[in-house]
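In: Turn this into a model:
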Amino acid sequence: MSQLANQIAVVTGAGRGIGRAIALKFAAEGADVVVVSRTAENSEKVAAEIRALGRKAWALAVDVADSAAVSAAAEKILADCGKVDILVNNAGVTRDGLLMRMSDADWDTVIDTNLKGAFLVTKAFFRTFAKQRAGRIINITSVIGLIGNGGQCNYAASKAGLIGFTQSVAKELAGRGVTVNAIAPGFIETDMTAVLNDELKAGILKVIPMGKLGAADDIAHAALYLASPGARYVTGQVLTVDGGMVM
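Out: I've put the predicted structure just below:
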C-alpha cells in the first residue's frame, strides 16, 4: 500500500530542484499535492507532472515572504483540499557575498524568504494541524546552517534559525501528535550548484567523504521517511543528508 495514500501535502519552493523532487516522490506514494512556487509557470509545470502520475495537484504562485499572500493561499488550500496532512517548507534563495559588502537588501531577502517564509506558512496551518491532532511538518534547512560558510552569512543565519524554529514548533505541537523535523542537505546537484566552476566543485568534493554530490531524490527519500507512518515517533530532529560532510 502507498505510504501517503489519502493525504494532502503542501510543498513550497516546489517548482524545481529539491522541492519538485519531494512533490513528485509524495505523489508517487499516493499523496495529492499542492505545488507552491514563486511563479505560476513553474507551479503549473510540476502540477502537470503530478497529475500524470494519477494524483490530484493544485498549482499556486506565492511569495512566501508576503504575509497577506500566504494567508490568502492557506485559506484557498483549506477550502479546496479540506485539510493538510503534510507541510514541507522548502522555499529558499541565496544572495551570497562577504559580510563587509553585503547590502541590507541581500540580508533581508534571504532571511525573509528562507526563515520568515517558513514562519508565515507554518503559522497559517498551525491551528489546522493542532485541531487534527495529526500531521507532519518538514523544514528544509542546510548543512550551512550547522557549520557556516564564508560569503553566506545571511544564508547560514536563515538556515540555522530554521533549525531553532523547527525544534521550538516541535515542542509546541508534540502533544497534538504532529511531528516537526528538519532535513539538512549537503551539496546537492541543483540549479544552485550547477553554476559552480570546476575548481569550486573539486574543493567541495574534497570535504565530502563519499566523494560526490547528492541528488535531489536523496532529499526526497528523506522527506518521504519523515512524512511516513514509520516516523511517527520522530520529532524535533535534524536529519543531515550530506555524504558524511558534517558527521
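
In: any chance you could map the strands in this protein?
Out: If DSSP state E is used as the criterion, the strands of the chain fall at 8-12, 32-37, 57-61, 86-89, 135-140, 178-185, 238-241.

In: could you give the angle of the second one to strand 57-61?
Out: Put plainly, it is strand 32-37. 20 degrees (axes from the mean of the first three to the mean of the last three Cα atoms, to 10 degrees).

In: Partner strands of strand 32-37 and their direction?
Out: strand 8-12 (parallel), strand 57-61 (parallel) (DSSP bridges).

In: ok, and what's touching the first one?
Out: Under the contact criterion Cβ atoms under 8 Å, 6 or more residues apart in numbering, strand 8-12 has outside partners 19, 22-23, 26, 31-37, 62, 64, 77, 81-91, 117, 121, 125, 227. The way it works is simple: take the backbone N, C-alpha and C, and place the C-beta from them, glycine included.

In: before we move on, back to that, what about the strands paired with strand 32-37, which gets the closest to Gly244?
Out: Comparing the strands paired with strand 32-37 by their distance to Gly244 (Cβ to Cβ), the top pick is strand 8-12, with 26.9 Å.

In: mean confidence score for the closest one?
Out: The pLDDT scores in strand 8-12 average 98.

In: Would you mind putting the CA coordinates of it into PDB?
Out: These are the backbone C-alpha positions of strand 8-12, laid out as PDB (Å, rounded to 0.1, in the frame of the first residue of the first chain):
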ATOM      1  CA  ILE A   8      -2.700  16.200   1.200                       C
ATOM      2  CA  ALA A   9       0.800  17.600   1.000                       C
ATOM      3  CA  VAL A  10       1.800  21.200   0.600                       C
ATOM      4  CA  VAL A  11       5.300  21.800  -0.700                       C
ATOM      5  CA  THR A  12       6.800  25.300  -1.000                       C
END
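
In: by how many degrees do that strand and strand 135-140 diverge?
Out: Computed by the same axes, to 10 degrees, the angle between strand 8-12 and strand 135-140 is 20 degrees.

In: For the chain, which segments count as helices?
Out: For the chain, the helices defined by DSSP state H occupy 17-28, 40-52, 67-81, 104-111, 117-132, 144-147, 153-173, 191-194, 198-206, 216-227.

In: Can you tell me the number of residues neighbouring Thr179?
Out: Applying the criterion other Cβ atoms under 10 Å, we find 22 residues in the vicinity of Thr179.

In: ok, it touching Ala134?
Out: No: between Thr179 and Ala134 there is no contact, the gap being 9.4 Å when judged by Cβ atoms under 8 Å.

In: ok, so what distance separates the residue nearest the centre of the chain from Ile183?
Out: Centroid-nearest residue in the chain, with Cα atoms, centre = their mean: Asn90, separated by 2.1 Å. Counting by Cβ to Cβ, to the nearest Å, the gap between Asn90 and Ile183 amounts to 9 Å.

In: anything in contact with each of the two?
Out: Overlap of the contact sets of Asn90 and Ile183 (by Cβ under 8 Å, 6+ apart) consists of Ile140.
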